[in-house]
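Engineer: coords below, sequence missing:
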């Protein structure tokens, strides 16, 4: 209550109380899981702040899914062959708020990267499921960070993998 009364407003946020719709922009990765998780997490952040608007109207938060990176976190021997014993999965997004004019973005978050760790498994089915879970987690964390940036809440652009 005290912050509202003193006129505090986040510097990088859009207009006070402006509701945003969320749409997916450019998708440069083949992972549908990452796209859906990122958009869903950004919507959840805006909804928690009371700033989510349904539909595809303007102003809108446009989320670009730029990269999915995989980094081996360890190697072990299995049947005399090297096998990854774990990996880091990172998702890089960019958010832009397009205003009512739909011309230049009123906010560009820059690249936002979040990662998740996964342990490897000798069973390919379990390994694939663990990878998908890590991909989903990294995309959700990146999407939530983009949502917070759209609200004017400071967030680091990158995390250590």
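Structural biologist: That came through, no problem. Note that the structure is predicted; figures quoted are calculated from it, not measured. Numbers count the residues shown, from 1 in each chain.

Engineer: and the closest residue to residue 115 other than its chain neighbours, helix, strand or coil?
Structural biologist: Nearest residue to residue 115, sequence neighbours excluded (C-beta to C-beta, 6 or more residues apart in numbering): residue 90, at 3.8 Å. Every residue, glycine included, has its C-beta placed from N, CA and C. Following DSSP: H, G, I helix; E, B strand; the rest coil, residue 90 is assigned to strand.

Engineer: cool, residue 33 as well?
Structural biologist: helix.

Engineer: ok, it - contacts?
Structural biologist: By C-beta atoms under 8 Å, 6 or more residues apart in numbering, residue 33 lies in contact with 132, 135, 136, 139.

Engineer: do residue 110 as well
Structural biologist: So, once contact is read as C-beta under 8 Å, 6+ apart, residue 110 ends up touching 94, 157.

Engineer: what's the burial count for the closest residue to residue 93 other than its chain neighbours?
Structural biologist: Excluding its sequence neighbours, the residue lying closest to residue 93 (C-beta to C-beta, 6+ apart) is residue 142, at 4.7 Å. For residue 142, the count of nearby residues is 31 (other C-beta atoms under 10 Å).

Engineer: likewise the one 5 residues further on?
Structural biologist: Counted with other C-beta under 10 Å, the burial measure for residue 147 works out to 30 neighbours.

Engineer: wait, a helix at it?
Structural biologist: Yes: under three-state DSSP, residue 147 sits within a helix.

Engineer: can you tell me which of the contacts of residue 33 is nearest residue 150?
Structural biologist: Relative to residue 150, the closest of the contacts of residue 33 is residue 139; by C-beta to C-beta it sits at 16.3 Å.

Engineer: and that closest one, how far from residue 132?
Structural biologist: Distance, residue 139 to residue 132, by C-beta to C-beta, to the nearest Å: 11 Å.

Engineer: which one of those two is surrounded by more residues?
Structural biologist: Using other C-beta under 10 Å as the criterion, residue 139 and residue 132 rank with residue 139 on top: 30 against 15.

Engineer: good, we can wrap up now.
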